[in-house]
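**Student:** how would this look folded up:
(one chain, ligands or ions: 1)
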Amino acid sequence: MEGTDSMKCNRSLGIVIKLGTSSIVDEKTHEPLLSTLTVIVETAVRLRKDGHKVVIVSSGAIGVGLRRMDVDKRPKHVSQLQALAAIGQCRLISLWDGLFSHLRQPIAQILLTRSDIADRSRYLNAQNTFNELLDMGVIPIVNENDTLAVSEIKFGDNDTLSAITAGMVHADLLFLMTDVDCLYDKNPRTNPDAQPIEVVEDIGQLVADVSTAGSSLGTGGMSTKIVAARLATSAGVTTVITRSSNPGNILSITRHVQASRSPASLATQENADDDHPLSKSVSSLHLASDTAVVPLHTRFLPSPHPIRDRSFWILHGLKPHGTIYIDSGAHRALLGKAGLLPVGVVDVDGVFAQQEAVSLCVVAHKRSSPDEHGRMWDGPVTEVGRALVNYSSTEIARVKGRQSTEIEGLLGYADSEYVAQRETIVFFTRESRPVTPTLGVGHGHGHGMTPGTMTPVREVLDGKWGIGGYEVGSGGGL
Ligand SMILES: N[C@@H](CCC(=O)OP(=O)(O)O)C(=O)O
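**Tutor:** Purely as a prediction, here's the structure:
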């Protein structure tokens with residue numbers, strides 16, 4: 001990269017702003033929150049004028065559809081929700097277009113499903129379209145394609161969608177706008193001594209009240225924001241949680257981030273992907289704690305070793321179809337850059353075909369004979385990453401524990417000596433791996449929690465509330 005540090009400080013950032021349903025429409029009347037939306041529009045245009053590239057992930061299709069059809073309550077049936085989303089989405093985008101056009105800012109609509117992302121060529125097409133639009137100075141407005149998405153192909157919530165979008169476009173900053181200022185270590189309503197959490201370096205060590213449920217119209221809540229933050233930070237995206245009713249805060253926080261960029265983060269930028277439109281800025285943003293006062297927010301620091309492009313896609317774009325259990329020797333060999341040989345495979349679960357994604361788990365102990373569940377292992381299991389496999393689940397079950405030279409004799413052919421090539425294996429970074437549980441205090445009622453119970457952040461990250469965990473987006477609904 002060329003230029004002085006001060007020039008670098010003024011370079012453009014890639015910024016993704018996620019607005020949930022409760023930021024778009026009134027929870028009771030379902031009328032659009034015009035004043036909030038107007039400030040968002042002014043803020044986004046200001047960011048554009050400051051040279052940044054902006055993507056908005058906007059929920060609200062169902063909420064707007066409810067208002068349009070004068071339906072009071074969110075229906076239960078998926079087909080009714082899909083119909084309302086179809087009705088609401090065109091009105092929602094026309095609302096955005098109307099507001100942005102007053103400031104002569106072109107926008108574009110991008111509707112995605114998980115299956116669009118899971119197909120490599122469609123993922124790349126979506127990425128190219130984003131790049132083209134951003135180069136043209138357009139603000140893409142993204143939502144889930146609710147009309148097509150059923151549970152198997154849903155992101156599940158727009159927090160996850162926004163994190164995947166931020167990773168896909170190599171954003172620097174992701175704003176998850178919500179109805180609280182930031183994360184607190186306890187429920188501030190019932191604990192006067194609750195402290196705001198300003199910076200999170202390691203989500204696994206987070207002690208926070210993450211129990212806030214989503215709005216009655218949306219599917220997210222604080223828990224999905226934590227999962228989204230982990231996903232985005234693993235892709236090198238600084239993630240900010242802040243209050244949506246003060247969207248102007250985005251400007252102050254962004255400016256503060258820019259002004260406070262450390263020399264270390266600038267050095268990191270030297271290694272960033274300079275060809276990517278949203279990477280022409282820092283890939284790692286750090287704020288000095290003693291700089292100017294900025295609005296309350298929680299900032300999750302990005303991984304210093306971001307997972308990008310094909311690796312990001314394997315980890316987060318694909319839903320694993322099964323699990324391959326490996327022994328610790330195989331795990332060590334993989335970390336040492338070898339491919340996965342059949343001899344290191346202890347067991348296999350699920351039904352999958354060649355070139356499909358699987359979860360890679362290391363087992364503590366191999367058994368010499370199957371247990372009552374047919375398992376060839378016992379003890380704890382740690383999910384360490386994901387892989388694209390060269391053989392189907394039935395084939396791997398036949399060759400597991402054997403030498404590669406035996407593959408042809410066992411299967412009648414041998415496409416590869418490896419169950420998975422090293423290039424198609426991706427490990428979670430420190431931020432995205434299972435973490436030691438740290439207890440925070442919960443008070444909410446969302447995602448199956450009991451009011452007043454302790455809330456292990458680890459459970460949020462492991463998806464025990466049905467909100468996705470690593471594989472993101474396995475839960476939720478329209
Ligand atoms: N795609 C849906 C919203 C899904 C969703 O995640 O909503 P929210 O939890 O409000 O961000 C819609 O546009 O109504």
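
**Student:** hang on, Val41 packs against Gln105?
**Tutor:** Yes: counting by Cβ atoms under 8 Å, Val41 touches Gln105, with 7.5 Å between them. For every residue, glycine as well, the C-beta is placed using N, CA and C.

**Student:** closest point of the stretch 251-400 of the chain to the ligand, which residue?
**Tutor:** Residue nearest to the ligand within the stretch 251-400 of the chain (Cβ to the nearest ligand atom): His316, separated by 16.8 Å.

**Student:** Just to be sure, that residue is in a helix?
**Tutor:** Yes: the assignment for His316 by DSSP: H, G, I helix; E, B strand; the rest coil puts it in a helix.

**Student:** Let's verify Gly379: helix, strand, or coil?
**Tutor:** Going by three-state DSSP: Gly379 is strand.

**Student:** Let me see the contact set for Arg91.
**Tutor:** By Cβ atoms under 8 Å, 6 or more residues apart in numbering, Arg91 lies in contact with Val64, Gly65, Arg68.

**Student:** list the contacts for the residue nearest to Arg46 when sequence neighbours are not counted?
**Tutor:** Nearest non-adjacent residue to Arg46, counting by Cβ to Cβ, 6 or more residues apart in numbering: Leu251, 5.9 Å away. With contacts defined as Cβ under 8 Å, 6+ apart, the neighbours of Leu251 are Thr43, Arg46, Leu47.

**Student:** Looks like the residue of the stretch 251-400 of the chain closest to the ligand contacts Gly167 (just checking).
**Tutor:** Yes: counting by Cβ under 8 Å, His316 touches Gly167, with 6.5 Å between them.

**Student:** Overlap of the contact sets of these two?
**Tutor:** The contact lists of His316 and Gly167 share Leu231, Ala235, where a contact means Cβ under 8 Å, 6+ apart.

**Student:** Below-threshold pLDDT in the stretch 351-478 of the chain: ranges please.
**Tutor:** 430-478 (pLDDT under 70).

**Student:** Show me how the protein divides into domains.
**Tutor:** 14-259+295-300, 320-427 (the TED database).

**Student:** Go ahead and produce PDB holding the CA coordinates of the helix or strand containing Ser359.
**Tutor:** Using DSSP states H and E, Ser359 sits within strand 357-366. The C-alpha coordinates for strand 357-366 follow below in PDB (Å, rounded to 0.1, in the frame of the first residue of the first chain):
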ATOM      1  CA  ALA A 357     -19.200 -30.200   3.600                       C
ATOM      2  CA  VAL A 358     -18.700 -32.100   6.900                       C
ATOM      3  CA  SER A 359     -17.900 -31.100  10.400                       C
ATOM      4  CA  LEU A 360     -14.500 -32.300  11.600                       C
ATOM      5  CA  CYS A 361     -14.400 -33.500  15.200                       C
ATOM      6  CA  VAL A 362     -11.500 -34.800  17.300                       C
ATOM      7  CA  VAL A 363     -12.300 -37.600  19.700                       C
ATOM      8  CA  ALA A 364     -10.700 -38.100  23.000                       C
ATOM      9  CA  HIS A 365     -10.600 -41.900  22.900                       C
ATOM     10  CA  LYS A 366     -11.000 -44.500  20.200                       C
END
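
**Student:** So which residues of the stretch 151-300 of the chain form helices?
**Tutor:** Remark: helices assigned in the stretch 151-300 of the chain by DSSP state H, counting those that start in this stretch are 158-168, 222-234, 249-259, 263-269.

**Student:** what angle separates the first one from helix 222-234?
**Tutor:** Put plainly, it is helix 158-168. Angle between the axes of helix 158-168 and helix 222-234 is 10 degrees (criterion: axes from the mean of the first three to the mean of the last three Cα atoms, to 10 degrees).

**Student:** Among the contacts of Leu251, which ones are in helices?
**Tutor:** Cross-referencing those against helices under DSSP state H gives Thr43, Arg46, Leu47.

**Student:** check contacts around the residue most central in space within the chain.
**Tutor:** By Cα atoms, centre = their mean, the mean C-alpha position of the chain lies nearest to Ala163, the distance being 3.3 Å. Ala163 makes contact with Leu174, Val227, Ala228, Ala229, Leu231, Ala232, Ala235, Val237, Thr239, His316, Val472, according to Cβ under 8 Å, 6+ apart.

**Student:** Save those as TSV, and put in distance to Asp202 too.
**Tutor:** Converted to TSV, those look like this (distance: Cβ to Cβ, whole Å):
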residue	distance to Asp202
Leu174	18
Val227	15
Ala228	16
Ala229	11
Leu231	15
Ala232	15
Ala235	16
Val237	16
Thr239	13
His316	19
Val472	19
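
**Student:** Would you mind checking these for buried ones?
**Tutor:** Leu174, Val227, Ala228, Ala229, Leu231, Ala232, Ala235, Val237, Thr239, His316, Val472 (16 or more other Cβ atoms under 10 Å).

**Student:** Surely the first one touches Thr238?
**Tutor:** It refers to Leu174. Yes: the criterion here is Cβ under 8 Å, and Leu174 meets it with Thr238 at 7.3 Å.

**Student:** secondary structure element for Ser121?
**Tutor:** For Ser121, the element it lies in under DSSP H and E is helix 120-135.

**Student:** in this structure, which helix or strand is least confident?
**Tutor:** Taking mean pLDDT, DSSP states H and E as the measure, the helix or strand of the chain with the lowest value is strand 439-441, at a mean of 27.

**Student:** looking at the chain, which residue lies furthest from center?
**Tutor:** Outermost in the chain, Cα atoms, centre = their mean: Gly409 at 42.9 Å.

**Student:** how close does that residue sit to Ile324?
**Tutor:** Remark: distance between Gly409 and Ile324 (Cβ to Cβ, to the nearest Å) = 21 Å.

**Student:** tell me which parts of the stretch 51-200 of the chain are close to the ligand?
**Tutor:** Ser59, Gly60, Ala61, Ile62, Gly63, Ala85, Asn143, Glu144, Asp146, Asp157, Asn158 (Cβ under 6 Å from any ligand atom).

**Student:** try 8 Å
**Tutor:** 58-65, 85, 88-89, 92, 143-144, 146, 155-159, 161 (Cβ under 8 Å from any ligand atom).
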